[in-house]
Every structure is written in C-alpha cells, then in structure tokens.
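*Asks:* Sharing a model that was predicted from the sequence below.
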Amino acid sequence: MRCVIARFPFELTKDGVLESMKGVKPEPVTGESVIIGRRHYPVKQVGQVVTRQDRRDFTATEVLRAMTRLGFTCRALPEAAPSGAPGSLQYASAMLGTPVTV
C-alpha cells in the first residue's frame, strides 16, 4: 500500500511492518499505540522504525492512518479520569479533621 508520511511516499505492507518490528522492544505507551503481534507499540516508535525517519518529522496521525489501512489495531490516547467532586468518604474525612495525638 502506498502512503505518504512526512511528505515522503512509502510502499508499506503488513508483512513488511511485521518484519521491521520483529525483535524491537516496545517502549512504554503514553499516548496512541499500535498493536503489532501481541505487543503494544507507541505510534511514533513504529513510525520511526518503519520509515527510518526522526520522530519529529512526522505526526502520530499519519502513522495511525497508515497502520489502520494496513489492518493493524490502533488505540487512541486514553482519556483522563474526571477529577470531579470528592466522594462521600473523602467529604466525611474532611469534616472530621485530622486526628489529634494525646
């Protein structure tokens, strides 16, 4: 499949990506990720290995689009948990105050 990443055309295949990522240890995932085999790789790491370009030269969206078109499972950035109002236990603890030692 022909795709353009960082204004450069690449001819990528699913087997070619699998072969390129073979033996590559995944970095910790902190954002978008691609599942290759049974491993979760950060999108930028996959883009760097497959294109041999610096990570600053392309966007995660470009790589996500290409990997999705090749049939890989991609995960978006996990949403942060809401920091809503404290629960009833935290509220009661705050009302009671801190314990005093005698």
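*Replies:* Okay, I see it.

*Asks:* Let me know the next secondary structure element after the lengthiest helix in the chain.
*Replies:* Longest helix in the chain by number of residues, with DSSP state H as the criterion: helix 60-70. Going down the chain from helix 60-70, the next helix or strand is strand 73-75, by DSSP states H and E.

*Asks:* May I have the strands that pair with that following strand, each with its orientation?
*Replies:* strand 33-36 (antiparallel) (DSSP bridges).

*Asks:* Give the closest residue to the residue nearest in space to the middle of the chain in space, chain neighbours not counted.
*Replies:* Ranked by distance to the mean C-alpha position of the chain (C-alpha atoms, centre = their mean), the top residue is Glu32 at 2.4 Å. Among residues not flanking Glu32 along the chain, Val43 sits closest, at 4.5 Å (C-beta to C-beta, 6 or more residues apart in numbering). All C-beta spots, glycine's among them, are computed from the backbone N, C-alpha and C.

*Asks:* for Lys14, same thing?
*Replies:* The shortest distance from Lys14 to any non-neighbouring residue, by C-beta to C-beta, 6+ apart, is to Leu70 (4.8 Å).

*Asks:* before we move on, what SS does Val29 have?
*Replies:* Secondary structure, DSSP: H, G, I helix; E, B strand; the rest coil: Val29 is coil.

*Asks:* Run a quick check on it versus Tyr41, I expect a contact.
*Replies:* Yes: using C-beta atoms under 8 Å, Val29 is in contact with Tyr41, at 7.5 Å.

*Asks:* more crowded one of these two?
*Replies:* Each of Val29 and Tyr41 has its neighbours counted (other C-beta atoms under 10 Å); Tyr41 has more, 22 against 17.
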